[in-house]
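**Q** Fold the stuff below for me.
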Amino acid sequence: MTQLVGIVGVVCVALADAYAAPPEQAALNHDAAVRVCREYLAAEDDDERERLASQLDGYLGDVESVIRAVASQTYRPVAAGYHSEEKFQSTEVREKYPRDLLYFVVPKSYDASRPTGLIVFMHGGGLTTSRDAPESTLRFPRPNSPPDTYRSGDIFAATGMITVGPSAPGKWESSYRWCLHSSEAYLAAVIADCKTRFNIDPDRVFLLGHSMGGFGAFHHALRQPDRFAAIISCAGAWDCGYWPVIRGTPLCMIQGIHDAQRGGRWHHTDVEYARWSHKIFTRANLDHVYYEYDGVHDFAEMRPKVAEYLASNKQLRRDPFYPHVTLASPQGFAWNYLHRVRHNRWLSLDETTSGTLEYDDLTTSGDDFDSWRLEHSLTNHRGAMIDAINRGKNRIDVTTQNVARFTIWLHPKMVDVAQPVTVSVDGNVQFSGRVKPSLKTALESYTRRQDWGLIYPIKITLPASD
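**A** Got it, this is the predicted structure:
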C-alpha cells in the first residue's frame, strides 16, 4: 500500500489544476472565464499563458458551457456549388503555403447556422503532380458526361457535407506527399481553414484519399485516427503498421481487381494490399468495410462505391470517448515514414523506454510482373504501446509496452466524478481517488490537437507499472 500512496502523490501533483483556487483568488464568473480562455489561447508568451492559466483556477462553475462559448463562431452564408483555387485565409498559414490551393464543393443544403460534416479529399498523383489536381475530381459532371466520369462534385454534394480538396503538400520532396511528416500539420491547417469558412461539426470530419491519397489515408489512419469520423482509402497501400490504433475509427477500402496491369501499371497498389488488409483487420476485429470491384486504378470507376459508403455514413460521428483506445509509436505507412505519435483520443504518450513492438509487415518479392508476390509477416521494430479500456463503473484498465510515463484524459461522460476512479496499469492499481473537472485542463487538452471535439477536463498522469 505504501507504493500506491507514493504514486497517488505523483498523480495529485499532476492534477493540482483540478482542485479549488487559492482562497485569496476571487472566483471567475462565466463571462470572465470565457474572456480569460480566449486570452489564454491567443497568448504567444509562455509566462503570459501561465499567468492566465492561474486565473482559470478561480473558475468553479460548469466547464462545458464555457468551452461551448469559447468555441462558438458566427458564419457568413456561402453559395452552393463548386469553388476553385482558393488560398488559405489565415495570413500566417498562407505565408507558409503560398502556392497551395483549396477547392470546395458546397451542397445546396448547407446552412451557415447549422453544423455540417466535412470531407477532406486527398488527390492522387506523385512527385510533381500539379497543385490544381483536385479540380478534376471536385468539379460537377457536365450534362453530357458519361456515368463513369471522373468528375465527382455531384456525389460529394449529395452527402450534404462540405468537401475540400487541397493541393498535396511537399511538391518535389516525395512521391508519397500525403505521407510526409509535415502532412499532419498541413491537414490540420486545411481543416482549421474550413472551420473559419463553414460551420463544421468537429466530430463529422471524414478523410478520403485516392492513389497517392490512398497511401495517405492509411498513413493518417495509423498516426491520427482520432481526428476523423471515418477514413476511406481508394487504391492505396501500406508496408507496416500497428493497426489496433484504429479502434473507434471505421476504415473503408475501395480497390479494383485489375489495379495492376501487365505492360501498364506496376503492383504499387495491387489488389493484394487491400485483401491482406481485410484479412488483418478481420482477425483483429477492427471496424472496416472492403469494397472490391472489377476494374482498374481509376477514381471514375470507384465513384459508385464512394457514393454508397458516403451516403450510408454521412451521419456517422466520431466518438471522442470510445471505451477502448490504443496508442502506438512510432507509426507510418512505411518503415522510412515512421515518426513519433503523442496522442490518440484520451491517451497521451509522455515518455518511452527502450524495446520493440510487433508490427504487421507487408513485403514484396519478384522482379517481374508475373512473379511479384505480397507476403505478410509480424516484424519487431523499436516502439511503445498503450492499450486502455474504460470498463465502466469508474474502472480503467491499461496495458503498456515500453512506456515510462503516460497521461489519461477523462471527461464526466466517461466517469462519475462523484465517485472514486480506479486505474490499473499492467495488473497493478496505480491510481484510486476522486477527480474533478478543470477549465485549465480542458484548454490544455484542446492545445494538444487544436480540436474542439477532443476536450477532456480531467487528466491523470501515471508511470507505467514496473
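
**Q** Quick one: the helices in the stretch 201-350 of the chain, in order.
**A** Using DSSP state H, counting those that start in this stretch, the helices of the stretch 201-350 of the chain run over 212-223, 271-283, 299-313.

**Q** Lowest mean pLDDT among the helices and strands, pick that one out for this structure.
**A** Sorting the helices and strands of the chain by mean pLDDT, DSSP states H and E puts helix 2-14 at the bottom, at a mean of 40.

**Q** rewinding a little: dump the helices of the stretch 201-350 of the chain to CSV, plus distance to Ser182.
**A** No exception for glycine: its C-beta is placed from N, CA and C like everyone else's. Shown next, in CSV, are these (distance: least, CB to CB, whole Å):
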stretch, distance to Ser182
helix 212-223, 12
helix 271-283, 25
helix 299-313, 25
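
**Q** Give me whichever of the ones you listed is most buried.
**A** helix 212-223 (a mean of 28; mean count of other CB atoms under 10 Å).

**Q** Tell me the helices and strands packed up against that helix.
**A** Applying 3 or more CB pairs under 8 Å, 6 or more residues apart in numbering; DSSP states H and E, one finds that helix 212-223 contacts strand 116-122, helix 183-197, strand 200-210, strand 230-234.

**Q** The last one vs strand 200-210, what angle?
**A** Between the direction of strand 230-234 and that of strand 200-210, the angle (axes from the mean of the first three to the mean of the last three CA atoms, to 10 degrees) works out to 20 degrees.

**Q** Each with direction, which strands does strand 230-234 pair with?
**A** Sheet pairing for strand 230-234, assigned by DSSP bridges, gives strand 200-210 (parallel), strand 251-256 (parallel).

**Q** And for the first one?
**A** Strand 116-122 has these partner strands in its sheet, going by DSSP bridges: strand 162-166 (parallel), strand 200-210 (parallel).

**Q** How about residues contacting that strand?
**A** Contacts to strand 116-122, defined as CB atoms under 8 Å, 6 or more residues apart in numbering, come from residues 110, 134, 137-138, 156, 159-166, 168, 178, 187, 190-191, 194, 198-201, 204-210, 212-213, 216-217, 229, 310, 314.

**Q** how far is that strand from where the chain is centred?
**A** With CA atoms, centre = their mean, to the nearest Å as the basis, strand 116-122 stands 13 Å off its chain's centre.

**Q** Pull the distance from the helix or strand following that strand to the chain's centre.
**A** Following strand 116-122 in sequence order, the next helix or strand is helix 135-138 (DSSP states H and E). Distance of helix 135-138 from the chain centroid (CA atoms, centre = their mean) equals 24 Å.

**Q** what residues does helix 135-138 touch?
**A** Contact partners of helix 135-138, identified using CB under 8 Å, 6+ apart, comprise 82, 84-85, 103-105, 121, 123, 150-153, 156, 163, 165, 210, 299.

**Q** One more: stretch 263-283?
**A** By CB under 8 Å, 6+ apart, the list of residues contacting stretch 263-283 reads 211, 214-215, 235-238, 243, 251, 253, 255-260, 288, 290, 292, 296-297, 360, 362, 364, 369, 372, 374, 376.

**Q** and if you look at stretch 387-400?
**A** Contacts of stretch 387-400 (CB under 8 Å, 6+ apart): 244, 321, 323-326, 346-347, 384-386, 406, 408, 414-416, 419-426, 462, 464-465.
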